[in-house]
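Student: this is a predicted model, with the sequence first.
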Amino acid sequence: MNSTFVELTKAEVDKDPAQQLKNFKRTKDFLVTIDNDGCVADNMNGKQMLVFHPQFMEFYGLWEIESYFREAAEYYNLFSVHRGCNRFIALQYTLKSLAARKDVQTVVKEKGIKLPDTKSLDEYLEYCKKNNLGQGNLTLRKFLDTRPYDLSIYKLLGWSDAVNDTFPYMNDKIPPFPKVRESLEVISKYADIVVVAQASYYDLLNYWSVQDIKKYLRTIAGQEMGTKAQNIEAVKKAGGYKDDQILMLGDADGDLKAVKKNNGFFYPIMPGSEKKSWEKFGVCFDAFIKGKYKPLEEELLKEFGTILLSEPAWEKPGYDHLKAYKEKQEIRKAIYEALIPKGKLLKV
């Protein structure tokens with residue numbers, strides 16, 4: 001077990017969030033990076049359906065088109081190849097797709113609703129891209145400094161802050177998947193473990209602390225530090241790991257792309273079959289440290305490639321909005337009943 005985890009203060013995160021990655025000291029033969037939401041714990045659906053989406057509808061007055069907003073937001077955040085992407089990028093996808101749909105245009109006109117304009121959001125994401133920055137509240141505030149009278153950015157930041165403020169109330173209610181603790185114990189004997197995720201540093205720190213699994217980590221790289229690919233690259237360079245000494249565990253296409261950009265291996269935690277994935281991990285990790293993982297990875301990636309959707313339901317022939325929305329209603333209801341029984345959810 002590692003015992004060298006150093007928690008960053010808020011001042012340190014604000015001043016130089018990537019410092020812990022630049023100064024990373026290697027202690028083991030291998031590097032294992034792990035995504036968090038939907039990978040370590042079954043909190044992906046909960047965070048999106050109970051927090052991200054309701055908070056946005058509340059901030060922007062979109063409850064009257066709840067079924068349309070949830071359908072689009074859930075597609076981009078949970079069920080498609082975009083799963084696990086940054087919140088602001090997912091929001092851009094969601095709002096642009098809603099604005100482009102004729103059925104949504106008809107509904108918002110009938111109800112007198114105005115969809116949020118994405119101009120400032122688009123410019124913020126372009127600002128991050130040009131300056132090689134990660135997307136998160138820290139860089140959103142820096143962007144705000146360049147246009148201090150842009151009220152739409154204040155509102156966007158308010159939503160994102162509210163989301164972050166809500167997460168800690170959920171973290172102690174959603175334990176890690178079975179076999180996660182045992183797997184971390186084994187991994188830590190052979191590899192430096194780093195959480196690489198698009199959640200905020202503070203949310204990640206809170207979850208791993210509350211669940212008493214922080215003790216296995218070397219460090220945490222959240223959205224403030226950069227993209228997943230950038231963060232893996234920084235640790236790889238600082239630690240001097242070779243390509244075949246790097247493994248990432250993740251549940252999204254973005255995780256796969258991030259580690260492959262750094263020429264490492266990927267172990268998919270299959271969405272919908274997470275428990276089974278963790279049960280099988282031990283054999284695969286043993287193959288990884290023995291240099292025999294490549295053929296196993298190839299088989300796993302074939303399966304992983306069939307799970308996430310690449311085309312939304314509303315772009316397919318014969319699309320029926322109410323029918324499509326109802327398909328995921330049992331998932332929504334189960335999460336609300338388990339965590340927020342009196343929460344606001346459209347009944348269909």
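Tutor: Received the coordinates, thanks.
Student: chain center to the helix-or-strand element of the chain with minimal mean pLDDT: distance?
Tutor: The weakest-scoring helix or strand in the chain, judged by mean pLDDT, DSSP states H and E, is helix 168-171 (a mean of 85). Here the centre of helix 168-171 is set off from its chain's centre by 16 Å, with CA atoms, centre = their mean, to the nearest Å.
Student: so this protein: which segments form each domain?
Tutor: Under the assignment automatic domain parsing, the domains of the chain span 10-42+178-304, 44-170.
Student: right, so of those domains, which gets closest to residue 316?
Tutor: Residue 316 sits nearest to domain 44-170 of all the domains of the chain, at 11.9 Å, using CB to CB. Where C-beta positions appear, they are placed from N, C-alpha and C, glycine not excepted.
Student: which phi and psi does the most centrally placed residue in the chain have?
Tutor: Here the mean C-alpha position of the chain is nearest to the C-alpha of residue 84 (CA atoms, centre = their mean), at a distance of 3.7 Å. Note on residue 84: its backbone torsions stand at phi 80, psi 0 [degrees, to the nearest 10].
Student: cool, residue 267 as well?
Tutor: When read as degrees, to the nearest 10, the backbone of residue 267 gives phi -120, psi 110.
Student: how close does it sit to residue 47?
Tutor: Plainly put, residue 267 is 22 Å away from residue 47 if you go by CB to CB, to the nearest Å.
Student: stretch 10-29: how far from the chain's middle?
Tutor: So, by CA atoms, centre = their mean, the centroid of stretch 10-29 is 20 Å from its chain's centroid.
Student: that stretch: end-to-end distance?
Tutor: Criterion CA to CA, to the nearest Å; first-to-last residue distance in stretch 10-29 is 31 Å.
Student: for the stretch 1-150 of the chain, what spans make up the helices?
Tutor: In the stretch 1-150 of the chain, the helices defined using DSSP state H, counting those that start in this stretch lie at 10-15, 19-22, 44-46, 53-60, 66-74, 87-100, 102-111, 119-130, 137-145.
Student: what residues does the shortest one touch?
Tutor: The set of residues external to helix 44-46 that reach it, using CB atoms under 8 Å, 6 or more residues apart in numbering, is 37, 38, 78, 83, 84, 170, 174, 251, 271, 331, 335, 339.
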